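[1] predicted model, plus sequence, below.
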Amino acid sequence: MRRLLVVLVALAVLGTAGYAAWRHFLAPPKVPTKEQARDALEEAVGLALKGVELVQGEKGVELWRLKATWAALRQEKGVIDVDSPDIIYKVGKTEEPLRVIAPKGEVRDNQSFIRLWDKVTCTYRDYVLDGTLMTYNSTSRLMVFPEGAVIVGATSRGNATRLSWNLATNVIEGEDGVVVHWSRADAAAPNASGTSGNPDRATHAPAETAPAAR
């Protein structure tokens with residue numbers, strides 16, 4: 001009698017386990033909660049991509065092209081972090097490009113805003129501009145160095161505590177520092193006078209005595 005009872009209990013346990021397994025097998029998959037979905041999205045967003053290239057243009061004209069060795073998409077407002085960004089910008093109506101490189105950068109707001117930092121180097125013709133931080137607004141096409149920059153050319157050198165470069169008009173404006181007026185007779189070179197004007201007649205001088213470009 002005791003053996004029969006043990007056998008019945010064992011069968012009951014096996015039956016219960018089999019029924020539970022059968023229900024688990026037939027049950028529909030669980031829908032993840034918002035928190036679980038968010039965690040999964042964060043894991044996917046954190047993935048890095050190698051050899052990224054971003055391009056922006058307007059009316060069939062390419063305004064800038066960014067290449068980076070690595071890029072990672074952050075969930076925060078769709079920010080793309082980039083390593084060793086190398087950007088080619090179109091300047092004014094000229095065909096000669098402006099090249100900007102830096103160790104680190106980010107692209108945000110649907111590629112409308114770019115920020116580069118650490119050591120930013122811009123090369124345009126035979127001019128080199130260096131700064132620690134650069135921002136670029138794709139809507140206004142305004143490049144800003146809020147922490148200042150130094151610009152060096154074959155025949156001129158200047159610096160400013162804040163510098164902005166309008167790539168649409170090819171005009172550079174500096175604040176609170178040396179104002180650079182390009183001395184090379186080249187109308188296509190950027191004007192760094194702090195006011196717009198014809199750069200092929202300008203010279204360079206300290207900010208407080210610099211003549212307006214004519």
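    Nice, thanks for sending it over. On a predicted model such as this, the values are computed, not experimentally measured, just so you know.
[2] which stretches of this protein have low pLDDT?
    For the chain, residues meeting the criterion pLDDT under 70 lie at 1-47, 76-77, 176-214.
[3] could you chop it up by domain?
    By the record's domain assignment, the chain is partitioned as 2-27, 46-201 (automatic domain parsing).
[4] what helices and strands are in contact with whatever helix or strand residue 71 lives in?
    Per DSSP states H and E, residue 71 falls inside strand 61-73. With contacts taken as 3 or more Cβ pairs under 8 Å, 6 or more residues apart in numbering; DSSP states H and E, strand 61-73 sits against strand 48-58, strand 80-83, strand 86-89. Every C-beta, even on glycine, is put in place using the N, C-alpha and C of the backbone.
[5] run the last query once more with 10 Å
    helix 34-45, strand 48-58, strand 80-83, strand 86-89, strand 98-101, strand 104-108, strand 113-124 (3 or more Cβ pairs under 10 Å, 6 or more residues apart in numbering; DSSP states H and E).
[6] strand partners (parallel or antiparallel) of the fifth one?
    The strands beside strand 98-101 in its sheet (DSSP bridges) come out as strand 86-89 (antiparallel), strand 113-124 (antiparallel).
[7] cool, the second one as well?
    For strand 48-58, the paired strands and their directions (DSSP bridges) are strand 61-73 (antiparallel).
[8] so which bits of the strand it pairs with are buried?
    For strand 61-73, burial by neighbour count (16 or more other Cβ atoms under 10 Å) applies to 63-68, 71-73.
[9] adding mean neighbour count and distance to residue 101, write the strands paired with strand 98-101 out as JSON lines.
    JSON lines is the format used below for the strands paired with strand 98-101 (neighbours: other Cβ atoms under 10 Å; distance: least, Cβ to Cβ, whole Å):
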{"stretch": "strand 86-89", "mean neighbour count": "19", "distance to residue 101": "5"}
{"stretch": "strand 113-124", "mean neighbour count": "19", "distance to residue 101": "5"}
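[10] I'd like these laid out as TSV, including distance to residue 139.
    Compiled in TSV, the strands paired with strand 98-101 are given as follows (distance: least, Cβ to Cβ, whole Å):
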stretch	distance to residue 139
strand 86-89	14
strand 113-124	9
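[11] so which of those comes closest to residue 107?
    For residue 107, the closest of the strands paired with strand 98-101 is strand 113-124, at 5.4 Å, according to Cβ to Cβ.
[12] restrict that closest one to CA atoms and write it as CSV.
    What follows is strand 113-124 as a C-alpha-only set of coordinates in CSV (Å, rounded to 0.1, in the frame of the first residue of the first chain):
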residue,chain,number,x,y,z
PHE,A,113,24.9,70.7,-35.4
ILE,A,114,28.5,69.5,-35.2
ARG,A,115,30.9,70.0,-32.3
LEU,A,116,34.6,69.1,-32.3
TRP,A,117,37.1,69.4,-29.5
ASP,A,118,40.6,68.7,-28.0
LYS,A,119,42.7,70.0,-30.9
VAL,A,120,40.8,71.3,-33.9
THR,A,121,42.8,72.1,-37.0
CYS,A,122,41.3,73.9,-40.1
THR,A,123,43.2,74.1,-43.3
TYR,A,124,42.1,76.4,-46.1
